[in-house]
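*Asks:* Give me coordinates for this.
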Amino acid sequence: MENYPETATERFDDANFHINYCLSTVKKYISGNILEVGAGCGSFTRNYINTDIKKITLTELDSFNIENLKKKFEKNNRIEITNLPVSKIDDKFDCILYFHVLEHIKNDLEELNSAKLKLKKDGYILIMAPAHQKMYGNLDKAVGHFRRYEKDFFKKNLIELEQKKLFFLDSMGYILYYLNRLFFRKETFPSKIKIFIWDKIFTPISILLDFILRYRFGKCIVAVYKKNY
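*Replies:* Numbering: from 1, shown residues only. The predicted structure is shown next:
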């Protein structure tokens with residue numbers, strides 16, 4: 001999305017508890033040479049950088065976000081920022097990240113096929129996306145989501161890659177999102193206080209509830225795929 005709403009960027013950038021919780025479930029796969037597609041303002045990036053990472057390439061279309069990324073990571077020589085599509089990046093990666101990005105891409109399977117060609121043998125594609133099309137609402141429209149994802153999309157061998165993990169996260173977030181749509185039908189962007197309450201109070205509850213429910217229910221869906229050739 002070339003003109004991502006600044007309101008969404010600013011408000012969700014503060015959801016650090018949620019971001020770190022999501023990352024904790026897939027962080028072991030993030031190492032080597034990394035490509036993060038649609039990095040936004042670096043909300044995830046700043047939380048997964050560690051010594052196991054040799055290089056990070058961040059792609060972004062929105063000019064405001066690109067400037068934010070350059071300022072945020074100007075002192076980190078392991079990070080490269082580009083506005084090129086995946087298909088035109090001349091490199092091979094150990095891990096390619098789509099953190100709340102795939103839903104913004106009209107031809108998602110075509111995009112993933114392009115990513116597969118840029119993946120090294122034994123490399124991983126990590127996908128994190130909003131779940132349940134029935135929950136599609138004003139916020140989805142405002143930030144340019146083409147869809148929310150159902151479990152059926154993530155086949156066992158999607159684009160000839162082996163599925164390693166598939167699970168849901170943020171069970172309390174699902175309940176809050178549903179209630180918000182029910183009682184605040186005209187709202188587009190949740191207020192800062194709502195995001196604060198969701199992140200700091202209900203995300204810790206989600207961590208426990210997700211574990212009890214064995215990650216079978218939630219607002220986000222996470223998929224991990226491996227290239228074996």
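
*Asks:* all helices for the chain, in order.
*Replies:* Taking DSSP state H as the test, the helices found in the chain are 6-12, 16-24, 45-48, 63-72, 108-117, 138-142, 171-183, 192-197, 203-212.

*Asks:* Tell me which residues are up against the third one.
*Replies:* Read that as helix 45-48. Outside helix 45-48, the residues that touch it by Cβ atoms under 8 Å, 6 or more residues apart in numbering are 16, 19-20, 23, 27, 30, 36, 39, 56, 58, 69, 72-73, 79. C-beta here means a position set from N, CA and C on the backbone, and glycine is covered the same way.

*Asks:* Compare the residues you listed and tell me which is most surrounded.
*Replies:* Neighbour counts for these, by other Cβ atoms under 10 Å, peak at residue 39, which reaches 27 neighbours.

*Asks:* Report back the residue of this structure that's furthest from centre.
*Replies:* For the chain, the largest distance from the centre (Cα atoms, centre = their mean) belongs to residue 183, which lies 26.9 Å off.

*Asks:* quick one: that one from residue 213, how far?
*Replies:* Separation of residue 183 from residue 213 (Cβ to Cβ, to the nearest Å): 24 Å.

*Asks:* before we move on, the earlier item: including distance to residue 89, could the helices of the chain go into a markdown table?
*Replies:* Below are the helices of the chain laid out as a markdown table (distance: least, Cβ to Cβ, whole Å):
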| stretch | distance to residue 89 |
| --- | --- |
| helix 6-12 | 23 |
| helix 16-24 | 23 |
| helix 45-48 | 16 |
| helix 63-72 | 15 |
| helix 108-117 | 9 |
| helix 138-142 | 28 |
| helix 171-183 | 32 |
| helix 192-197 | 33 |
| helix 203-212 | 33 |
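
*Asks:* can you list those helices in a markdown table and add mean pLDDT and distance to residue 156?
*Replies:* Below are those laid out as a markdown table (pLDDT from 0 to 100; distance: least, Cβ to Cβ, whole Å):
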| stretch | mean pLDDT | distance to residue 156 |
| --- | --- | --- |
| helix 6-12 | 62 | 31 |
| helix 16-24 | 95 | 23 |
| helix 45-48 | 94 | 26 |
| helix 63-72 | 92 | 34 |
| helix 108-117 | 96 | 15 |
| helix 138-142 | 85 | 27 |
| helix 171-183 | 86 | 24 |
| helix 192-197 | 89 | 35 |
| helix 203-212 | 97 | 23 |
